[in-house]
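Q: missing the sequence, but the structure's below:
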């Protein structure tokens, strides 16, 4: 009997292979999806651990506010549990590369980097145990000399830098202007660093927009030799052997961290003592130099006083000498005036005579000029006639030449025609008149043509001969006109000769007059020269006297200035000496009041890349806890439905087995084994496949924002999770099977061996709604009765389809939430598209130039000053969150640049002068709302809190999606921080045209004091890239939900048809056409699918809300609204799968055998 029972079990599997495979598929999908998602987080953490260990990522980072010395490094090496220590330099700068500005963190690169092996792209192998945070060389070479650098290979695509490009440092962090020995670097390679495992945040800085956007490694020698180490990286002994996410690792690192923190006070005291000693030594040297300079100043002042007394005596002596010289000069001036008067009288007499001569010349000049004009006019008239005659003669000559040429040509033509006639006659004469009749006729015809041509040419020659008399008459007329012209020329020549004689006489008179004028001028010049020489002597004497007087005045002025300068320098010296004494006293007080520096000891949780990677892995794990639950729920429903149908089909067999004496446990084992084999097979296949595929896909998606290399395939298998997934899949299936078989096994064999009585029909609720029921067709009435008659089938179908639709809506809603981040933030909330930062002490000229540029509407349509600062905010739980504080100078204009409203209800928020408004995610993180208090603490360049906290009451919580913001009114800021902010940031709405924007950037860069110009386009691109990883997870979820929906619909529809085969066969017997039979079944399927989809949409809203909150990344709030299109797509996809399943089932409906299906069980 055992063998027969086992054979029956085997036949059950072979007879219902479709049912077996459906159970296996649904379990495979559920267990595989659960195992794959749950193994993703461990795989991500293993990948990170291998990468961090292979590149020596530090376990502890130590910083000091005053830097670290060699003694500090030695002390760290001596700490128990410390395996290696790497001192390092670091500074933040603004660089320009490829025409763009970037806030860049510069790190020192040890010499050991050049000897390290990074060829596999995952490990950086080195022989130097102290070489930590080892970057991997991706392209190019390591920097070997001053002025060479390597950049991030993971960020270079966005910035367009290439090997060989120049990186120029434009701005330094405050107090770090001399940190590097050069300001220009050549890019020689690109690296990937474990210290920067993500592109979403490289750290904060006081430069630019407040965020680091690039990092750079330079040789260690490029940092100033006087600079103390900025930080020290520590490797903990034994930490590399532990998983970085394990408690054992945390315990090891925590112990060493505590020891370093215990060491810190002593080292802080030693550093302060050393600084005090160095400062005191420098102060003592300065004090000795002060005493020497004081003595030297007093001696110089005494020498200056003696020189001033000597100068006063010399000035008195020179004043008498100048008085004597002035008396002599006055006598010479009187004599010169007498000589000047005599010369003037003589020259006046000569000028009168010259004037008379000039009057005579001027009187004759009009007659001469008139005669010359008349003569020139006559010559012009003669020339006109002569030119006209020459032109007429030239025209006559052309006509004559043309006539002679024509006649010659015609005569030549007549001659040739006659020659042709003679030749033709000679040929005719030589022919026989009887034999050559045709030839003779042809020649005679040619002779006739030649004769006609000759006559025509002779006629033309006659015409030309007739023109010759006219030409001869024209020649005679031209000769007559030539005679007239020659006669006129002779008359003009005579007149010209007479005029020339008169002109010569006039010119002689003019020359004589000019000669007299020249003589007079020479006499005047001689007189002037003599007088000028005498005057020059007097002027020379006067100049000497004036020069002496000026020198004397200058001497007196110099004396007085020297005396004043002496008094000023004496006062300045006394003031400088007093100031120097005060400076020495102040320096002494500063030395006496030097505080101990602060050490900051941080583990990997302070490294944003490592910490956020682990946080995202945990987020994936949280999502994995929700989604597979739906899969298992649907799998249980499908298994329950499937096994219930199987048990129902085998009622007769179960009754027979019970009648044969088989126990209920034995009979139940058949179905349990069936379910176990199907679910176990599905579990093995699903876990084996999806535990490799899902982690690989998700890790590849996260590789967009994380630079952690993926694990090689095959991925490690977590056998505990695999066993748990398989246990859940098999357990759910077995539980459903046991529930399905339990009811039938308790019935008596006699009842089991009879068909189950059909359910009695009864009226449904819809029938009581008479207006609706009366309008339904017979087919729809049957459909509704069947649906509500078999409530269990309806509930199973609705729940199964609802789960699938909910999963689809969750995936699509998550996609909406991600895409809404950029659209809402930069399309609605953030209205400005550029930020300009300036120096605190911007000069007046630069301010005016900047204001003029911002007022140019070609470039900027609106702008407003604001202050932006990085701070730490904390709520009731005292957890610090990095925030950006924004203080607008004009709160009333803030709405032009930032839309301040609530997310729910879109109610406007007024900041005002004393308001404090938090972004929504920040408020959620801190657990505060309107009316609660938050503590704001200033932070240093490395993100540590400095100073005391300032409590502020929240006046509003605004809609915001990217970064954590605190908007504070200027009055409230003044109250909190004790002063008005310097407003070093300008929020601006600038043109979108790339060329115009490039001009704006260039002009802003040319203004002294403008530090950076940043456009939102860069931020948008960075966040789109960061969030695209989550989009890949959305694709995975939607694909899995789609596969689940298809399997569920196919299985439930198949069961539905199998259960109703006799009913369908009856319809065929009654004469229903195939189309009517299909419609009869499909109406129920479509209606139940629609109901399930609607329920699934409601369930999906809750699931999407949970997943969105769980999947959110740091400093980003996902959208909270599912788009109507997502509801429509989820519903449409479910209905589309329903249609596909119906198409696939048409063949099964058509293949139902009416006769076999109507047979009785007996």
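A: All right, it came through fine. Worth saying up front: this structure is predicted, and the values here are computed from it rather than measured.

Q: And the next helix or strand past whichever strand or helix holds residue 493?
A: Assigned by DSSP states H and E, residue 493 belongs to helix 437-592. Following helix 437-592 in sequence order, the next helix or strand is strand 599-603 (DSSP H and E).

Q: helices and strands around the helix or strand following that following strand, which ones?
A: Per DSSP H and E, the first helix or strand lying C-terminal to strand 599-603 is helix 608-624. Using 3 or more CB pairs under 8 Å, 6 or more residues apart in numbering; DSSP states H and E, the elements in contact with helix 608-624 are helix 17-54, helix 664-702, helix 1074-1111. Heads up, the C-betas are built off the backbone N, CA and C, glycines and all.

Q: Name the residues of the longest one that are buried.
A: Going back to what we said before, that points to helix 664-702. Of all the residues in helix 664-702, those buried under the rule 16 or more other CB atoms under 10 Å are 667-688, 690-692, 694-699, 701-702.

Q: C-terminal to that helix, what's the next element?
A: helix 719-745.

Q: which residues of the stretch 801-950 of the chain score low on pLDDT?
A: Residues of the stretch 801-950 of the chain that meet the criterion pLDDT under 70 lie in 878, 940-947.

Q: which stretches of it form strands?
A: Listed in chain order, the strands of the stretch 801-950 of the chain (DSSP state E, counting those that start in this stretch) span 834-838, 860-874, 881-888, 916-919, 933-938, 950-953.

Q: Nearest to residue 40 among these would be which one?
A: strand 881-888 (27.3 Å; CB to CB).

Q: Which neighbouring elements make contact with that closest one?
A: When contacts are defined as 3+ CB pairs under 8 Å, 6+ apart, strand 881-888 sits against strand 860-874, helix 920-926, strand 965-968, helix 970-977.

Q: quick one, it and strand 860-874 angle?
A: Angle of strand 881-888 versus strand 860-874, following axes from the mean of the first three to the mean of the last three CA atoms, to 10 degrees, is 140 degrees.

Q: Show residues contacting strand 881-888.
A: Strand 881-888 is contacted from outside by 204, 210, 864-874, 894, 897, 911, 922, 925-926, 936, 939, 943, 963-970, 973, 981, 983, 987, 1115, using CB atoms under 8 Å, 6 or more residues apart in numbering.

Q: ditto for stretch 127-137
A: The contact list for stretch 127-137, computed with CB under 8 Å, 6+ apart, reads 55-58, 83-86, 88, 109-110, 112-113, 115-116, 118, 121-122, 124, 126, 150, 189-195, 217, 233-235.

Q: So which of these sit within strands?
A: Cross-referencing these against strands under DSSP state E gives 83-86, 88, 109, 150, 189-192, 217, 233-235.

Q: quick one: low-confidence ranges for the stretch 101-250 of the chain?
A: For the stretch 101-250 of the chain, the ranges with pLDDT under 70 are 155-160, 200, 209-210.

Q: Name the nearest residue to residue 974, ignoring sequence neighbours.
A: residue 980 (5.4 Å; CB to CB, 6 or more residues apart in numbering).

Q: again, but for residue 168
A: Nearest residue to residue 168, sequence neighbours excluded (CB to CB, 6+ apart): residue 96, at 4.8 Å.

Q: so what strands line up beside the stretch of helix or strand the one you found belongs to?
A: Following DSSP H and E, one finds residue 96 within strand 90-97. If you go by DSSP bridges, strand 90-97 pairs up with strand 100-109 (antiparallel), strand 166-172 (antiparallel).

Q: need these in a markdown table with mean neighbour count and distance to residue 599, can you?
A: Shown next, in a markdown table, are the strands paired with strand 90-97 (neighbours: other CB atoms under 10 Å; distance: least, CB to CB, whole Å):
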| stretch | mean neighbour count | distance to residue 599 |
| --- | --- | --- |
| strand 100-109 | 23 | 20 |
| strand 166-172 | 17 | 24 |
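
Q: In this protein, spot the helix with the most residues.
A: helix 247-429 (DSSP state H).

Q: for it, packing partners?
A: With contacts defined as 3+ CB pairs under 8 Å, 6+ apart, helix 247-429 has these neighbours: strand 60-68, helix 70-77, strand 229-236, helix 437-592, strand 599-603.

Q: Counting by contacts, list what the shortest one packs against.
A: When contacts are defined as 3+ CB pairs under 8 Å, 6+ apart, strand 599-603 sits against strand 60-68, helix 247-429.

Q: Quick one: these as JSON lines, columns for distance to residue 855 too.
A: Output for the helices and strands packed on strand 599-603, formatted as JSON lines (distance: least, CB to CB, whole Å):
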{"stretch": "strand 60-68", "distance to residue 855": "43"}
{"stretch": "helix 247-429", "distance to residue 855": "49"}
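
Q: For residue 622, find the nearest of the ones you listed.
A: Nearest of the helices and strands packed on strand 599-603 to residue 622, taken as CB to CB: helix 247-429 at 19.6 Å.

Q: which one of the helices and strands packed on helix 608-624 lies closest to residue 1002?
A: Taking the helices and strands packed on helix 608-624 one by one with CB to CB, helix 664-702 is closest: 38.6 Å.

Q: Counting neighbours, what do you get for residue 910?
A: If you count neighbours by other CB atoms under 10 Å, residue 910 ends up with 14.

Q: list the contacts for it?
A: Residue 910 makes contacts with 900, 956, as judged by CB under 8 Å, 6+ apart.

Q: ok, now how distant is it from residue 969?
A: 10 Å (CB to CB, to the nearest Å).
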